[in-house]
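Enquirer: how would this look folded up:
(chains A and B, ligands or ions: 1)
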Amino acid sequence: MSRITREEVANLARLARLDLAESELDEYAQQLEIILESVAKVGEVSTKDVKPMSHATGLVNIFREDITKESLKREEILRSAPASEDDRFRVPRILDEE
Amino acid sequence: MSTYDEAIKKYDPVLGLETHVELSTNSKMFCGCSTEFGAEPNTQTCPTCLGLPGSLPVANAIGIESTIRIGLALNCSIAAYSRFARKNYFYPDMPKDFQTSQYDEPLCSNGYLDVLVDTEDGTKPFRVEIERVHLEEDTGKLTHAGGTTGRIHGADYSLVDYNRAGIPLVEIVTKPVPDTGEYAPLVAKAYVTELRDLLRGLNVSDVRMEEGSLRCDVNLSLTPKGSKTWGTRTETKNVNSLRSVERAIKSEIERQSLELDKGNIIKQETRHFQEDTGTTRSGRSKEVAEEYRYFPEPDLVPIAPDKAWIEKLKKDLPEQPSIRRTRLAKEWNFTDLEMRDVATLGGVDLIADTIAQGTSPASARKWWAGELSGHASKAGVELIDLKITPTDIARIDALVNDGKLTDKLARQVIEAVLNSEGNPDEVIKKRNLSVVSDDSALIPAIEEAIAANPDAAAKIREGKVQVVGVIVGAVMKTTGGSADAAKVRELVLKTLGQ
Ligand SMILES: [Zn+2]
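Expert: Predicted coordinates:
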């Protein structure tokens, strides 16, 4: 198992929108290292004859009919929003994308 | 030599298209919220499409079926086993902070769509290979508030409407299309046109480009002639009409060739098409590869389409648009060129519906491709978006044939219907547009016209009937086009002893 680098932690932090200080990068690198080592134990199990799976139930093709149901009341959903305006959710401006 | 011709002489364009199609299901992809267009903001949301804790998605059967049908119509293989995946990103257009999409196991892959393009050497077929067709969900709509331009730069904050979030969205991705040379813009346009007709024929989407139910991203790179390595590609977004598809590619070929000529490199980036100038503008740079950290969606079980089901869907596919057009052209007695024009205008179904109501094919084509296409292009919309129906046109045409309307009056009726003044009969009544065809009303005008054209009248008396047009024309003029020309002709000849 290769050691997780500071750069990898910094990248993960960026993707997760976490503002980490320089000093925290080493701390989290160590912690992630422990987690990865623990998870790596799963790799020791012989899975030669086991198909990769993403679900425990083994079910496939669970669909619903294309029928509309009543939606929530707008006042109700906007009441739980941090901010709203003009019947819409109000969110901080986004700088780096269009 | 134009910039474009210069570019094509030196470089080979390689194009690619990503098309997003909103499916016209009744309910969203993973919840029961309505998908109706134009509803009040945030009136079509629920815990599932808002991503509230504890909510669980369930896939819409028609969404799955429609995607498979699109794949089959595009000659794709249908996956025996396919999964949804989470595409993780932070952007407020998705309340869940991920989009349910498909990653390495799309429902359909490896297909093709053949298109025809007019070249200098006549009509030539081009094959556009399809990489994949996958199913995902649409995002919410952002409005940028504050600032001045309504654009994101300078905006103080954004407002979000989640009505669209969760509507089934099918993404159709082509493989890179090489060897189209100077016809690259036309091949792209023909592909989107053909795809639109195919989707309309499948009845899976409204395919309205200006309402956003059909959206196009265009990838383009240039390869120096003789080189084997393709250049760096750019992705142009916001290409939302057939004409824009053609213009965006042309302008990107010109821009990239000028950059390369100057010795600059092409940056891999997202660009935005600007409708007003017909050019593309730099957007987000893609230097840092996007990391969406896809993983299989744990809340949705895999899809394993039954072979018999696929066979049945395949058998029940409608006739392919190109085959249907060939058949209809024969049936309607249209030339290939006439049919292609009609298809590009998106008028095949409109004409078919008009003919089904008793109009002759030639007249139906005249109204839609001759008269109404002008109104559509003036308004910058497609034929199908005009506020007039095949029923209206069939009625107007019948009135013309019965001598109740002249062509000129018919055009006035069309304009009024387009202005939402009512159906043809209501408009005729309201505007008092009936044709003057009873003899007593026409006789004074005819006598006046004969008196004003003594030479022509004399010739007709001598039997030179072909000059009757002069007098008929004069009558039509004094009656302001409201006279029935055939009736006038008959009366003029009768008055002059023929
Ligand atoms: Zn919902």
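
Enquirer: What ranges in chain A fall below the confidence cut-off?
Expert: Residues of chain A meeting the criterion pLDDT under 70: A:1-2, A:95-98.

Enquirer: Oops, could you answer that again for the stretch 251-400 of chain B instead?
Expert: The model of the stretch 251-400 of chain B has pLDDT under 70 over residues B:284-289.

Enquirer: Could you list the contact residues of it toward chain A?
Expert: Contact residues, the stretch 251-400 of chain B versus chain A (C-beta under 8 Å from any C-beta of the partner chain): B:272, B:283-284, B:291, B:293, B:296-298, B:301-306. In this view, the C-beta of every residue, glycine as well, is placed from N, C-alpha and C.

Enquirer: Output these as TSV; include the columns secondary structure and distance to B:Phe126.
Expert: Output for those, formatted as TSV (DSSP: H, G, I helix; E, B strand; the rest coil; distance: C-beta to C-beta, whole Å):
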residue	secondary structure	distance to B:Phe126
B:His272	strand	27
B:Gly283	strand	29
B:Arg284	strand	31
B:Glu291	coil	35
B:Arg293	coil	37
B:Pro296	strand	37
B:Glu297	coil	36
B:Pro298	coil	42
B:Val301	coil	40
B:Pro302	coil	36
B:Ile303	strand	32
B:Ala304	coil	35
B:Pro305	coil	30
B:Asp306	coil	35
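
Enquirer: of these, closest to B:Val21?
Expert: Taking C-beta to C-beta as the measure, B:Val21 lies nearest B:Ile303 of these, at 18.5 Å.

Enquirer: If we ignore the residues flanking it in sequence, what's nearest that closest one?
Expert: The shortest distance from B:Ile303 to any residue other than its chain neighbours is 4.7 Å, reached at B:Ser82 (C-beta to C-beta, 6 or more residues apart in numbering or on different chains).

Enquirer: mind listing what the one you found touches?
Expert: The contact partners of B:Ser82, taken as C-beta atoms under 8 Å, 6 or more residues apart in numbering or on different chains, are B:Gln102, B:Glu105, B:Pro106, B:Leu107, B:Pro302, B:Ile303, B:Ala304, B:Pro305.

Enquirer: and the third one, how far is that from chain A?
Expert: Put plainly, it is B:Pro106. Plainly put, B:Pro106 is 15 Å away from chain A if you go by C-beta to the nearest C-beta, to the nearest Å.

Enquirer: swap in the fourth one?
Expert: Look at B:Leu107 and chain A: by C-beta to the nearest C-beta, they are 12 Å apart.

Enquirer: what's near enough to touch that residue?
Expert: B:Ile64, B:Thr67, B:Ile68, B:Gly71, B:Ile78, B:Ala79, B:Ser82, B:Val133, B:His134, B:Leu135, B:Ile303, B:Pro305.

Enquirer: you'd agree the first one is up against B:Ile303?
Expert: Yes: distance between B:Ile64 and B:Ile303: 6.1 Å, which falls inside the contact criterion (C-beta atoms under 8 Å).

Enquirer: which of those two has more neighbours?
Expert: Taking neighbours as other C-beta atoms under 10 Å in any protein chain shown, B:Ile64 and B:Ile303 compare with B:Ile303 leading, 24 against 19.

Enquirer: interface residues of chain A facing chain B?
Expert: Contact residues (C-beta under 8 Å from any C-beta) of chain A with chain B: A:11, A:15, A:17, A:54-55, A:57, A:59-72, A:74, A:77-78, A:85-94, A:96-98.

Enquirer: Quick one, which of the residues you listed are buried?
Expert: Listed as buried from those are A:64, A:66, A:68, A:71-72, A:74, A:77-78, A:88-91, A:94; burial here means 16 or more other C-beta atoms under 10 Å in any protein chain shown.

Enquirer: The contacts of B:Leu107 in helices, which ones?
Expert: Among the contacts of B:Leu107, the ones falling in helices (DSSP state H) are B:Ile64, B:Thr67, B:Ile68, B:Gly71.

Enquirer: Now for the third one: which residues touch it?
Expert: When contacts are counted by C-beta under 8 Å, 6+ apart, B:Ile68 touches B:Ile78, B:Leu107, B:Cys108, B:Pro305, B:Ile310, B:Leu313.

Enquirer: what about the fourth one, how many neighbours?
Expert: The criterion is other C-beta under 10 Å. On that basis, B:Pro305 has 19 neighbouring residues.

Enquirer: Report whether the expected contact of it with B:Ser77 is present.
Expert: No: B:Pro305 lies out of contact with B:Ser77 (C-beta under 8 Å); the separation is 11.3 Å.
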